[in-house]
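Quick one: sequence plus predicted model below, questions after.
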Amino acid sequence: MSSTTADVPSPRRLAPGARIPALVAYVFRACMPRRRLAVLMLPAAVIVLTGVLSRGITDVDATESFARIGDGMIFGLALPLGALVIGDAVLGAEVRAGTLAFSWMTPTRFWELAVARWLGGWLVALLTLVPVAVVAALVAGVPEHAGPIALAAAAGTAAHVALFVFIGCVTRRAAIWSLAVVLLGERLLGAALTGIAQLSPTWEARAVYAALADVPDDLVRSGIPGGWGAVVRLAIITVVLVAGTTWGLRHLELTGSRD
């Protein structure tokens with residue numbers, strides 16, 4: 001009996017991070033159903049509409065019209081809400097439905113699960129929201145803005161998806177809290193207080209675009225880093241939020257489906 005037991009090989013431990021590709025693939029297979037993608041098309045359409053509206057203004061320079069309309073419609077509305085749809089789908093929706101238990105109870109490390117859910121969500125944003133931002137610049141007739149707005153959208157959605165994934169694992173009402181953060185925290189308090197704007201993915205993404213593109217001076221906000229400095233700030237915010245998600249998953253209590 002003992003010899004038989006000794007002949008049984010012990011299970012091979014996977015290297016740290018080895019499960020992440022499979023976990024990211026799961027995000028694409030299970031976390032973004034057609035209904036979610038249909039909802040995601042709404043902010044994507046708003047982004048393209050920004051370019052159309054900018055092109056329709058003939059008494060203002062195309063660069064200025066796109067920058068002014070995009071400041072509110074793209075950075076203030078479409079990108080945060082699009083990232084909210086994605087971020088809630090990759091974690092918060094599963095917590096509410098109770099299906100996260102299938103991933104949470106596996107041998108997967110908590111940090112691997114956190115990184116994979118964020119990375120999968122960010123890849124969805126890179127495949128949907130970022131390309132349409134480039135299309136909006138081309139439609140508006142300002143192709144020189146395509147690069148800056150793509151970088152701003154990519155860096156901004158990385159931090160926004162991380163924010164909404166974090167909210168999804170620390171509260172049952174993730175969608176409501178996420179909307180409150182966007183509308184009250186970022187839009188209202190961020191507009192009034194520079195200290196909050198420095199930690200806001202919306203304002204930092206806006207600062208990336210404003211510093212790298214030719215925009216009117218009144219759209220450049222002082223007191224927060226711009227351009228590549230804002231990209232670095234957004235990267236730091238993203239890392240901190242993913243680390244917070246790891247902590248949240250470690251202390252998560254799954255109690256079944258709740259809405």
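That came through, no problem.

after the lowest-mean-pLDDT helix or strand in the chain, next one along is what?
Lowest on mean pLDDT, DSSP states H and E among the helices and strands of the chain sits helix 2-7, with a mean of 47. Along the chain past helix 2-7, the next helix or strand (assigned with DSSP states H and E) turns out to be helix 20-26.

Run the chain-centre distance for that following helix.
Computed by C-alpha atoms, centre = their mean, to the nearest Å, the chain-centroid distance of helix 20-26 equals 17 Å.

Next: stretch 189-198.
19 Å.

Now do that stretch, average pLDDT.
For stretch 189-198, mean pLDDT is 89.

contacting residues for Leu151?
Contact partners of Leu151, counting by C-beta atoms under 8 Å, 6 or more residues apart in numbering, are Val208, Tyr209, Leu212, Val231. Any C-beta I mention is one placed from the backbone N, CA and C, and that applies to glycine too.

mind redoing it with 7 Å?
Val208, Leu212, Val231 (C-beta atoms under 7 Å, 6 or more residues apart in numbering).

Val24 now?
Per C-beta under 7 Å, 6+ apart, neighbours of Val24: Ala116, Leu119, Gly120.

Nearest residue to the second one in space, please, no chain neighbours.
Right, the one you point to is Leu119. Val24 (5.5 Å; C-beta to C-beta, 6 or more residues apart in numbering).

circling back: now the contacts of Val24 as CSV including neighbour count, distance to Val134 and pLDDT?
Below are these laid out as CSV (neighbours: other C-beta atoms under 10 Å; distance: C-beta to C-beta, whole Å; pLDDT from 0 to 100):
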residue, neighbour count, distance to Val134, pLDDT
Ala116, 23, 27, 93
Leu119, 21, 21, 96
Gly120, 25, 22, 95
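
From Val90, how far off is the most centrally placed residue in the chain?
Central residue of the chain (C-alpha atoms, centre = their mean): Val161, 2.3 Å from the mean position. Counting by C-beta to C-beta, to the nearest Å, the gap from Val161 to Val90 is 8 Å.

Equivalent analysis for Arg19, please.
Relative to Val90, and taking C-beta to C-beta, Arg19 is found at 16 Å.

ok, those two, which is more surrounded?
When neighbours are counted by other C-beta atoms under 10 Å, Arg19 and Val90 differ, and Val90 comes out ahead with 28 against 19.

and His160, which of the three is it?
For His160, the assignment made with DSSP: H, G, I helix; E, B strand; the rest coil gives helix.

For the strand or helix carrying Leu234, enumerate the helices and strands it packs against.
Assigned by DSSP H and E, Leu234 belongs to helix 228-250. If you count contacts as 3 or more C-beta pairs under 7 Å, 6 or more residues apart in numbering; DSSP states H and E, helix 228-250 packs onto helix 110-139, helix 146-170, helix 201-212.

chain center to it: distance?
Using C-alpha atoms, centre = their mean, the mean C-alpha position of helix 228-250 is found 11 Å from that of the whole chain.

Tell me which residues are up against that helix.
With C-beta under 7 Å, 6+ apart, helix 228-250 has contacts from 104, 110-111, 113-115, 118, 151, 155-156, 158-159, 162-163, 165-166, 169-170, 199, 201, 204-205, 207-208, 211, 225.

out of everything not next to it in sequence, what's closest to Thr50?
By the measure of C-beta to C-beta, 6+ apart, the closest residue to Thr50 outside its immediate chain neighbours is Met73, 4.6 Å from it.
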